Structures are given as structure tokens and as C-alpha cells.
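1. A structural model of the following input is requested.
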Amino acid sequence: MSNVAQMFDLTGRVACVTGASAGLGQQAAIALVTAGAKVVGVARRADALTAWAEATGANAATVAADLSQRDQISEIAARIAEPFGAPDIIVHAAGINTRETADDVTAEGWDVTMNLNLAAPFFLTQALIPHMKAKGWGRIVNFASLQTTRAFPAGLSYGASKAGIGQLTRAMAESWSGNGINANAIGPGFFATELTGPVFADPERAARNAAQTCVGRNGKLEDIDGPLLFLCSDASAFVTGQVLMVDGGYTAK
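-> Residues are numbered from 1 along each chain as shown. Coordinates of the predicted model:
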């Protein structure tokens, strides 16, 4: 194996992927297993997680849990470490978008959005970071969004949480990169997933979004694989505190 190939090889690594029951989270989990990692998928839907793990094989394990329940994070972290040991890589793909307009934002919608999209990535990482520090190596990949920097209709709570992810990523990098733990974020453009179902249910809107990119199309699930493996591997040893937009150039226009 060449040195370049070895840089992206995750054999011997343990990863945790939240939101692994569907969409980009599940795609991330598949990519990491394919690259050699043992992966623990975390999500609320046990049936979808189990189906993924059974199709994947011995290098996949599952933890069914609701990460929006902040008082359960420590317990969830302990369960994540059971199958393969504490993770070296954490990918925070779980998220929710209530799509409430500014005038209609509810306290309940605000709280669940902030807890799942912003608080969970921090507190789950905080619970798992001692192993990474002891090992002197770790990778944290948060999921940002187009709304990390852009304001969309009916996106006030979601946008605020994803803007927070941008700063959380930089703060994590400042806090832990000296211990060999790099923190970065991926900012997906428009991908057809359950979370973006309302967008892709309108073909004209989906076509307009595609036309706003530089490449002229919306994302395919596999478009996330390369950027993710880069940020989860030794290939990104000197990259930390960054938000990598994987959006076909949407934010470049």
C-alpha cells in the first residue's frame, strides 16, 4: 500500500456516527466501514439501525438513543464504547429541522433543535474525549449546513444551530488539536435525504437549487465519501477548525 493510500486507511480505528439510520449519516457510516473502521451507529430508530448493521457485517454495531435528551449523554457515551472500545473518530450527523417560521418558532421546537443539532455534538464529544487525549489522536467531524452562513425561509432555529456548529468546530479545534485531536465540519449542500424531503418534493425548487450550484446539480449521497474520509484520516493531519462546504459550489456563487 502506498503512503498516500495509507493516509486514508482507517483499519484499526473505531468510529461513532450519529444519525446513522438514514441519509448522510448512514452514508458516512458506510464509507467509514468501507475504509476499514469499526463503526458504531447511533440514532433513535432501532429498526433502521439494525437493518444497516446486519447488511454491513461484523464491523458495525448500533446504539439506539435520543441524543436530544441531554441528561442521557453520559450513558449513551458509555454504550457507544461497549462494542469496540471508545471511538477515535466521532461524526455528528444527527439533526432536525422543524421548519418553523420566525413568527411561529416554539420553545419546544427551539429546544429540541438546539439540543440535538448543537448541544449533543459538544457534550457527546466531551464525554468521549479522554480516550482520544490518552491516545494522542482523534478526529471530530461536525455537520454544518448551507445555513451556517446563509439565511433560509423557515430556518431560524435550524440556521442558528448550524451557525453555532461553525463556531463550535473552531472552539473544539482550539481546545483539543494540541492533543492530536482535529475538529472540522462538513457543510452539505442540497442532498436528497429525509431531512430535505420537503425541498425535493417540489421538483421546480430542487431544479432551482441545482441551477444555483457551480456544477449544475444537487448532491448524491456518495459525494460525501471523499471529504469525510479526508477529515477522518491521517490525510487531514494539518487541517483543523475548518468548515468544508460540500455543496457543488452553491456558496461560491
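2. run through the stretch 1-150 of the chain and note the low-pLDDT ranges.
-> For the stretch 1-150 of the chain, applying pLDDT under 70 flags the ranges 1-2.
3. the helices in it, which residues?
-> Residue ranges of the helices in the stretch 1-150 of the chain, as given by DSSP state H, counting those that start in this stretch, are 3-8, 23-34, 46-56, 73-80, 107-114, 120-135.
4. deepest-packed of those helices, please.
-> helix 23-34 (a mean of 24; mean count of other CB atoms under 10 Å). Heads up, the C-betas are built off the backbone N, CA and C, glycines and all.
5. now for it, which elements pack on it?
-> Packed against helix 23-34 by the contact rule (3 or more CB pairs under 8 Å, 6 or more residues apart in numbering; DSSP states H and E) you find strand 14-18, strand 38-43, helix 46-56, strand 89-92, helix 225-232.
6. and if we set it to 10 Å?
-> strand 14-18, strand 38-43, helix 46-56, strand 60-64, strand 89-92, strand 138-143, strand 181-188, helix 225-232 (3 or more CB pairs under 10 Å, 6 or more residues apart in numbering; DSSP states H and E).
7. nearest to Gln27, out of those?
-> Comparison of the helices and strands packed on helix 23-34 against Gln27 by CB to CB identifies helix 225-232 as nearest, at 7.1 Å.
8. what helices and strands are in contact with the closest one?
-> helix 3-8, strand 14-18, helix 23-34, strand 89-92, strand 138-143, strand 181-188, strand 243-246.
9. still on that earlier bit, turn the helices and strands packed on helix 23-34 into JSON lines, columns for distance to Val239.
-> Converted to JSON lines, these look like this (distance: least, CB to CB, whole Å):
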{"stretch": "strand 14-18", "distance to Val239": "18"}
{"stretch": "strand 38-43", "distance to Val239": "22"}
{"stretch": "helix 46-56", "distance to Val239": "28"}
{"stretch": "strand 60-64", "distance to Val239": "27"}
{"stretch": "strand 89-92", "distance to Val239": "14"}
{"stretch": "strand 138-143", "distance to Val239": "10"}
{"stretch": "strand 181-188", "distance to Val239": "6"}
{"stretch": "helix 225-232", "distance to Val239": "7"}
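10. my read: Ala20 touches Ile30, true?
-> Yes. Using CB atoms under 10 Å, Ala20 is in contact with Ile30, at 9.0 Å.
11. can you dump the C-alpha coordinates of stretch 18-32 into PDB?
-> Taking Å, rounded to 0.1, in the frame of the first residue of the first chain, the C-alpha atoms of stretch 18-32 are listed here in PDB:
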ATOM      1  CA  THR A  18     -24.800   9.800  14.900                       C
ATOM      2  CA  GLY A  19     -27.800   9.900  12.700                       C
ATOM      3  CA  ALA A  20     -26.700   6.600  11.100                       C
ATOM      4  CA  SER A  21     -30.200   5.300  10.500                       C
ATOM      5  CA  ALA A  22     -30.600   7.200   7.200                       C
ATOM      6  CA  GLY A  23     -29.300   9.800   4.700                       C
ATOM      7  CA  LEU A  24     -25.900  11.400   5.000                       C
ATOM      8  CA  GLY A  25     -25.300   9.800   8.400                       C
ATOM      9  CA  GLN A  26     -25.800   6.300   7.100                       C
ATOM     10  CA  GLN A  27     -23.700   7.100   4.100                       C
ATOM     11  CA  ALA A  28     -20.900   8.300   6.400                       C
ATOM     12  CA  ALA A  29     -21.100   5.100   8.400                       C
ATOM     13  CA  ILE A  30     -20.900   3.000   5.200                       C
ATOM     14  CA  ALA A  31     -17.900   5.000   4.000                       C
ATOM     15  CA  LEU A  32     -16.000   4.600   7.200                       C
END
